[in-house]
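Give me a model of this one.
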Amino acid sequence: MPSYANRYISNLTRDTYALILAGGRGSRLHELTDWRAKPAVYFGGKHRIIDFPLSNCINSGIRRVGIATQYKSHSLIRHVNRAWGHFKKELGESVEILPASQRYGDEWYCGTADAVFQNMDIIRHELPKYVMILSGDHVYRMDYGALIAKHVETGADMTVCCIEVDCEEAANTFGVMTVDEGKRVRRFDEKPAEPTSIPGKPGTCLASMGNYVFNTEFLFEQLKRDAQREGSGRDFGHDIIPAIIEEHNVFAFPFRDPSHPGQPYWRDVGTIDSFWEANMELVSVQPQLDLYDPSWPIWTYQEQLPPAKFIFDDENRRGMAVDSTVSGGCIISGSIVRKSLLFSNVHVHSYCEIEGAVVLPGVKINRHCKIQNAIIDRSCEIPTGMRIGFDPEEDRSNGFRVSNKGIVLVTRDMLAALQASQKPTESKLESA
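Below you'll find the model as predicted:
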């Protein structure tokens, strides 16, 4: 028989509506987000980033979810419809796309708070007691039930989910808060250049995860006030939180993982380097983010594909992958793949050496290629004999992006531009 505590939390999650903010561009990912919003970026061999907050909601018992979309949202909407479109409204569950539709004016979403404000009528129709606002572009696993229960227990008007982060990492990137002994928020700075350290922990600050819980009517009241406030940026971090912390009960909820001591897994994969590093963590022997844990599955959409295939076993032409993750539909044909993560339908032809690569779906790597420390975007075809990741100057001259840490990003547009630039030279050689 379920315990009282479990029933109590399940009742709270049933009374909660979650709104995932998934309209961000993610400009620091550069060409990876030229054709897709950051929450639609691929991650972990078969997932998209949006699958993590969505799976957290479903696993936590929150079955009413809205997704606010805006920037280049086609692939995001297509993915959500395929993966999450099976929920039945008549059973009190739904995952709905909420594109900017100018309900309260002529503008698109102008900030995180405005994205919620423009959907107040939809949220009100659901009659929730609590509204949870979630960032759609972070990778982590979290039971939101404990967050909502703490929000109710403290009598908070708003609760901000937070995590300890190095000050250097948080500078100009995260909202940083100062709290008292009871975890009540006393100060909030949005993306400060010099974050305030936690007392007794120099060099470490308390950063907002971009996840908030509100009492519904309180949220609506603050959104209406902010909409009338001249000069407001319509943003929770910049405007809403600083405006309410003096007169209202705003509490911090430190994110903890009960199954793992120490710092819980949470990644903002917002740069080329952090995206590559987070994917590379998954091919380690015991990654902190365990995608194989059946107690907290990360749901997604996936095609019906044949198993991965490794062919040829000659001395100098052996198809193999070591310390790697290889998804369905992949064929490793007489090549060696080490410490890499391959998404679905990747075909590596013979005599290639791949190491430290994140290879997105549908990539074709032709013979005699050598690739290391690289991200290969979806549906690229790597020409025969190409070297990537060995000489930064050569990579830049080929039109590829090289990150601060030497990670090389290759996209279809870059390869097309390279091929076009080589055609005049080839024509001259042919005529000679």
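
contacts, neighbours, all on C-alpha from now
Will do.

quick one, what contacts residue 194?
167, 171, 172 (CA atoms under 8 Å, 6 or more residues apart in numbering).

which residues of the stretch 201-350 of the chain score low on pLDDT?
By pLDDT under 70, the stretch 201-350 of the chain has no low-scoring segment.

swap in the stretch 51-200 of the chain?
Residue ranges of the stretch 51-200 of the chain with pLDDT under 70: 102-106.

where exactly do the strands run in it?
64-69, 94-99, 130-135, 139-140, 158-166, 175-179, 185-190 (DSSP state E, counting those that start in this stretch).

Other residues contacting stretch 405-424?
31-32, 272-273, 276, 373-382, 388-389, 392, 395, 398-403.

just to revisit the earlier point, who wins for proximity to residue 347 among the strands of the stretch 51-200 of the chain?
Taking CA to CA, strand 139-140 is the member of the strands of the stretch 51-200 of the chain nearest to residue 347, at 27.2 Å.

if we can go back for a sec, narrow the contacts of stretch 405-424 to those that are buried.
Buried subset of these (neighbour count, 16 or more other CA atoms under 10 Å): 31-32, 272-273, 276, 373-382, 388-389, 392, 395, 398-402.

Strands - which of those land there?
373, 374, 375, 376, 381, 382, 388, 401, 402 (DSSP state E).

State the pair within the residues you listed that is farthest apart.
Once CA to CA is applied, these give 381 and 402 as the farthest pair, at 18.7 Å.

what's the distance between the closest residue to residue 299 other than its chain neighbours and residue 229?
Nearest non-adjacent residue to residue 299, counting by CA to CA, 6 or more residues apart in numbering: residue 55, 5.8 Å away. Counting by CA to CA, to the nearest Å, the separation of residue 55 from residue 229 is 36 Å.

Looking at these two, which is more packed in?
residue 55 (21 against 12; other CA atoms under 10 Å).

could you list every residue that touches that one?
Neighbours of residue 55 in contact, by CA under 8 Å, 6+ apart: 297, 298, 299.

try residue 246
residue 186.

Would you map the strands across the stretch 201-350 of the chain?
Applying DSSP E, counting those that start in this stretch to the stretch 201-350 of the chain gives strands spanning 204-215, 250-254, 266-267, 309-311, 313-314, 317-318, 320-322, 325-326, 331-333, 336-338, 341-342, 347-348.

Around the residue lying closest to residue 108 once chain neighbours are set aside, how many other residues sit close by?
Closest residue to residue 108 apart from its sequence neighbours, by CA to CA, 6+ apart: residue 100 at 5.5 Å. As a burial measure, residue 100 scores 19 neighbours (other CA under 10 Å).

OK, contacts around residue 100?
Residue 100 touches 68, 69, 70, 108, 109, 115, 118, counting by CA under 8 Å, 6+ apart.

residues near the fifth one, how many?
A count of neighbours around residue 109, defined by other CA under 10 Å, yields 22.

just the helices in the stretch 301-432 of the chain please.
Using DSSP state H, counting those that start in this stretch, the helices found in the stretch 301-432 of the chain span residues 392-397, 412-431.

ok, now which ones touch residue 97?
66, 67, 68, 69, 77.

should've said residue 52
Applying CA under 8 Å, 6+ apart to residue 52 gives the contacts 138, 139, 140, 141, 298, 299.

buried subset of the residues you listed?
Buried subset of these (neighbour count, 16+ other CA under 10 Å): 138, 139, 141, 298, 299.
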